[in-house]
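Novice: Structure for the following, please:
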Amino acid sequence: MRVLGLETSCDDTGVAVFDTERGLLAHKLYSQSQMHAEYGGVVPELASRDHIRKLLPLVREVLADAGVVPGYLDGVAYTMGPGLAGALLVGASIGRSLAYAWGVPAVGVHHMEGHLLAPMLEPDAPAFPFLALLVSGGHTLLTDVRAMGDYRLLGESVDDAVGEAFDKTAKLLGLGYPGGPAIATAAVHGTPGRFRFPRPMTDRPGLDFSFSGLKTAALTATQQNALDARTIGDIAYAFQEAAVDTLVIKCARALEQTGHTRLVIAGGVGANALLRARLEELGGKINVRVHYPRPVFCTDNGAMIAYAGALRLRAGQEEGLAFGARARWSLMDLTAP
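Specialist: Residues are numbered from 1 along each chain as shown. Below is the predicted model:
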């Protein structure tokens, strides 16, 4: 089964073709981050307009790269939520229209299920069941994954997502958007130990997260110190250390609680090199295999939507002619296909 996948949930336009027998045939990604950097974050209306401008040209490019004509496609998958309503509607309307025109079924995919399954695109794909840490600009979730569509929420952020905290702290330091790569780059020049920020909610039982206090600690440091290049690096270092330590501590607790021997990291923050290194270290200590997608598939992309959509289409799930967007949509609402 060959499926075209469309991702337009936020500020990345992603398109891919996935074949259930041959694997990923082609993918393209257009990032709007440079445009949104001028405003210090994503502007929803601008994101929607840019998706309209870029989506169909990317579809043509990907089909050409894959060596596939529309008549050889077996379905179209598009991100139905969660995300920015306008951006989602661009992908849903175009995806549903293309499927109708080509006479193939269409399916709406949950954005976070796409992220959760992204490591399946790698040669060493994890087997079910596993523990999943989903970390991005909009989500921080610990999920017990038994099978596709069989998810149990173990913990989530009660305020900012970790990626959002990275973005806001980077803005405080004048490092620009997106904040994750900017903080990581600045932290390379930081001095260990000059600042120590809290590891929120690690001093009590439970698997929920909070990053507002960590963000406040960074704000206080900027107010009490002159923001020269050295201080910016030191604050970035302390912030990244605290955020990563918090995620690792919670993962260790969740692995002990569930007994899983496989840990999947997904979402944009999953590309952070320090987080990967610390989780690999944790896995080595407790005999847990850590899986994550290649960096290009950590951030939003069409490949993960094509893959998740192919599995659901193959199981017989498809949408009617009506289409829509779900700006808020819990991963726990999904069922097995």
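Novice: can we go C-alpha only for contacts and neighbour counts from here?
Specialist: Will do.
Novice: buried ones in stretch 246-258?
Specialist: 246-248, 250-252, 254-255 (16 or more other CA atoms under 10 Å).
Novice: pull the CA atoms of the strand or helix carrying residue 4 into PDB?
Specialist: Assigned by DSSP states H and E, residue 4 belongs to strand 2-7. Extracted in PDB, the C-alpha atoms of strand 2-7 (Å, rounded to 0.1, in the frame of the first residue of the first chain):
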ATOM      1  CA  ARG A   2       1.400   3.400  -1.100                       C
ATOM      2  CA  VAL A   3       0.200   6.400   1.000                       C
ATOM      3  CA  LEU A   4       0.700  10.100   0.600                       C
ATOM      4  CA  GLY A   5       1.200  11.800   4.000                       C
ATOM      5  CA  LEU A   6       0.500  15.500   4.600                       C
ATOM      6  CA  GLU A   7       1.600  17.400   7.800                       C
END
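Novice: mind listing the helices in the stretch 151-300 of the chain by residue range?
Specialist: For the stretch 151-300 of the chain, the helices defined by DSSP state H, counting those that start in this stretch cover 162-172, 179-187, 212-224, 229-258, 273-286.
Novice: closest one to residue 328 among those?
Specialist: helix 162-172 (16.9 Å; CA to CA).
Novice: quick check, distance from that closest one to the centre of its chain.
Specialist: 16 Å (CA atoms, centre = their mean, to the nearest Å).
Novice: ditto for stretch 238-252
Specialist: The chain centroid and the centroid of stretch 238-252 are separated by 18 Å under CA atoms, centre = their mean.
Novice: ok, residues contacting that stretch?
Specialist: For stretch 238-252, contacts defined as CA atoms under 8 Å, 6 or more residues apart in numbering pick out 133, 142, 162, 183-184, 187, 190, 192-200, 202, 207, 211, 214, 218, 274-275, 278-279, 282.
Novice: For the helix or strand of the chain with the lowest mean pLDDT, give me every contacting residue.
Specialist: Least confident helix or strand, the chain: helix 33-37 with a mean of 89, by mean pLDDT, DSSP states H and E. Residues external to helix 33-37 that are found in contact with it (CA under 8 Å, 6+ apart): 11-12, 42-43, 176-178.
Novice: Same list (those) but as TSV, adding pLDDT, distance to residue 74 and neighbour count.
Specialist: As requested, the contacts of helix 33-37 are exported to TSV (pLDDT from 0 to 100; distance: CA to CA, whole Å; neighbours: other CA atoms under 10 Å):
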residue	pLDDT	distance to residue 74	neighbour count
11	93	27	26
12	95	25	21
42	92	34	19
43	95	34	16
176	86	42	23
177	88	38	24
178	90	36	23
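Novice: Would you check which pair of the residues you listed lies furthest apart?
Specialist: 12 and 176 (17.4 Å).
Novice: Against residue 141, how distant is the spatially most central residue of the chain?
Specialist: What sits nearest the mean C-alpha location of the chain, by CA atoms, centre = their mean, is residue 267, with 2.5 Å. Separation of residue 267 from residue 141 (CA to CA, to the nearest Å) stands at 10 Å.
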